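Asker: Quick one, fold the following:
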Amino acid sequence: MTRDRRLQIALVLNLAIVAAQAISGWTAHSLGLLADAGHNLTDVAGLGLALVAVRWARRPPTERRSYGYHRGTILSAQANAAAIVAITALIAFEAVRRLLHPVAVRGGIVLAVALVAIVFNVAAALVLRERSHDLNMRAAMLHVGADAVASMGVGVAGIVIVATGRFYWLDPTASLVIGAMIVWQAWKLMRSAADVLLESTPAGLDTSTVSHIMVSVPGVETVHDLHIWSLSSEVRALSAHLVLAGHPTLEEAQVVGTEVKRAVSGPFRIAHATLELECESCVDDGSWCAVEVNRISAGPDDAK
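Answerer: Got it, this is the predicted structure:
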C-alpha cells in the first residue's frame, strides 16, 4: 500500500474520532476527552500536511530547486511537531484550571468513547507503521500513536470515576501526564527536523568511518573537506576532496572517483556524492579550497 493511501485511511479514521470525542467530551464535561479531541484535530491537520508533503517530495527538480522538494517532508514534520506542542500547552492550561475548580465528569461516556478512540487510533497507527527513517511519516505516526496512549489514559480515568463515583481530578491529571509524554516525543522530532534543515551530519553516521572507507579505495591517498548532510530523512548527500596517488590521467581519476561513490553509496545511504579529485592537497583559506601554485617569473638574467 502506498504512503498516500495509508495517510488517507488514517485521515478518515481521525476525522471520525474527532467528531465522536468532541461531542461526547462536551456532553460528559470531560477535559480528557476534549483534550484527546484536540490532539486528534491536530492529527487531521498533521496527516493532511504529511500527505501534501509526500506528494510534494515527488515533484521533479527545477532550475531553482536543483535537489527537488525533498525538504518538504522535513518542513511538514517540524510543523506537525510544533502543532503538537502548541495544542498540548493549551490543554495543560485548561487541566490546571480544572484541578483548581473540579467539574463532575460522566465516567461512563468517557470510558465508552475512550475505548472506541483507542481502537481507531491503534488501527491508524498500524496503517502508518513502516520501517523507514522518514521524519514525515514518523511525525504522522507520532500523532496517532500519542493519541492512542492518550485515549488509554482517559479510559483508565473513566474506569475509576465509574467505579467510585468520584476522583474527578483524575480526568485533568491524565491530560497533564499524557501531554508531558507527547511533548517530549514532539520535541525530539523537532530537534531531528532542525538537524536536517541545519545540514548537520546525519545521526548515527561517523564521518571518520566514511573517510576511512574512502581512503581504502585503491588510488586514494587522503580525504579532506568532507561534508555529509541530509536532503530529507531518506536522502543523504556528500561532498569531499580526494588526493589521488601519483598523477593519474583524467580518465584514471574518474575511475577512482566512481569507485569511491560506489563504496559510500550502499553502506551509508549516500544518494548524491560530489568529489573534487586532486593530485596535490589544496589549502583552505577560509573561503574556498585551492591548490597553491608557485609562479616564478624568469627575467633576462635567468634566461641566460
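Asker: The spatially closest residue to R3 that is not a sequence neighbour in helix, strand or coil?
Answerer: Distances taken as CB to CB, 6 or more residues apart in numbering place V54 nearest to R3, at 5.1 Å, with adjacent residues excluded. (Each C-beta comes from the backbone N, C-alpha and C, glycine too.) Here V54 is recorded as helix under DSSP: H, G, I helix; E, B strand; the rest coil.
Asker: how many other residues sit next to V54?
Answerer: Using other CB atoms under 10 Å, V54 has 21 other residues around it.
Asker: ok, now which ones touch it?
Answerer: Contacts for V54 (CB atoms under 8 Å, 6 or more residues apart in numbering) come out as 3-4, 7, 73, 136.
Asker: cool, R269 as well?
Answerer: Applying CB under 8 Å, 6+ apart, one finds that R269 lies in contact with 234, 236.
Asker: Look up the pLDDT of L189 for me, please.
Answerer: Predicted confidence (pLDDT) for L189: 75.
Asker: Correction: the previous question concerned G299.
Answerer: For G299, the model assigns a pLDDT of 42.
Asker: again, but for H241
Answerer: Looking at H241, the pLDDT reads 91.
Asker: Surely it touches C282?
Answerer: Yes - taking contacts as CB atoms under 8 Å, H241 lies within contact range of C282: 6.3 Å.
Asker: how about the nearest residue to G48, chain neighbours excluded?
Answerer: Among residues not flanking G48 along the chain, L11 sits closest, at 6.4 Å (CB to CB, 6+ apart).
Asker: Kindly provide the distance from that neighbour to V144.
Answerer: 10 Å (CB to CB, to the nearest Å).
Asker: Repeat that for T258.
Answerer: The value you get for T258 to V144, if CB to CB is used, is 44 Å.
Asker: who has more neighbours, the two?
Answerer: V144 (27 against 13).
Asker: Please identify the buried residues of the helix or strand encompassing L111?
Answerer: Using DSSP states H and E, L111 sits in helix 107-128. Of the residues in helix 107-128, 107, 109-118, 120-122, 124-125, 127-128 count as buried by neighbour count, 16 or more other CB atoms under 10 Å.
Asker: ok, T2 - how many residues close by?
Answerer: Other residues lying near T2 total 8 when counted by other CB under 10 Å.
Asker: again, but for R166
Answerer: 13.
Asker: Can you check my assumption that L275 lies in a strand?
Answerer: Yes - counting by three-state DSSP, L275 is part of a strand.
Asker: what about the helices in the stretch 1-150 of the chain?
Answerer: Assigned by DSSP state H, counting those that start in this stretch, the helices in the stretch 1-150 of the chain fall at 3-28, 31-57, 71-100, 107-128, 135-164.
Asker: could you pull out the helices for the stretch 201-304 of the chain?
Answerer: 207-215, 250-268, 300-303.
Asker: Identify all contacting residues around the longest strand anywhere in the chain.
Answerer: Longest strand of the chain, by residue count under DSSP state E: strand 220-230. Strand 220-230 is contacted from outside by 195-196, 199-202, 205, 207, 210-211, 214-215, 236-245, 256, 260, 268, 270, 276, 281-282, 284, 289, using CB under 8 Å, 6+ apart.
Asker: List only buried entries from those residues.
Answerer: Using 16+ other CB under 10 Å, the buried members of the contacts of strand 220-230 are 195-196, 201-202, 207, 210-211, 214, 236-238, 240-244, 256, 260, 268, 270, 281-282.
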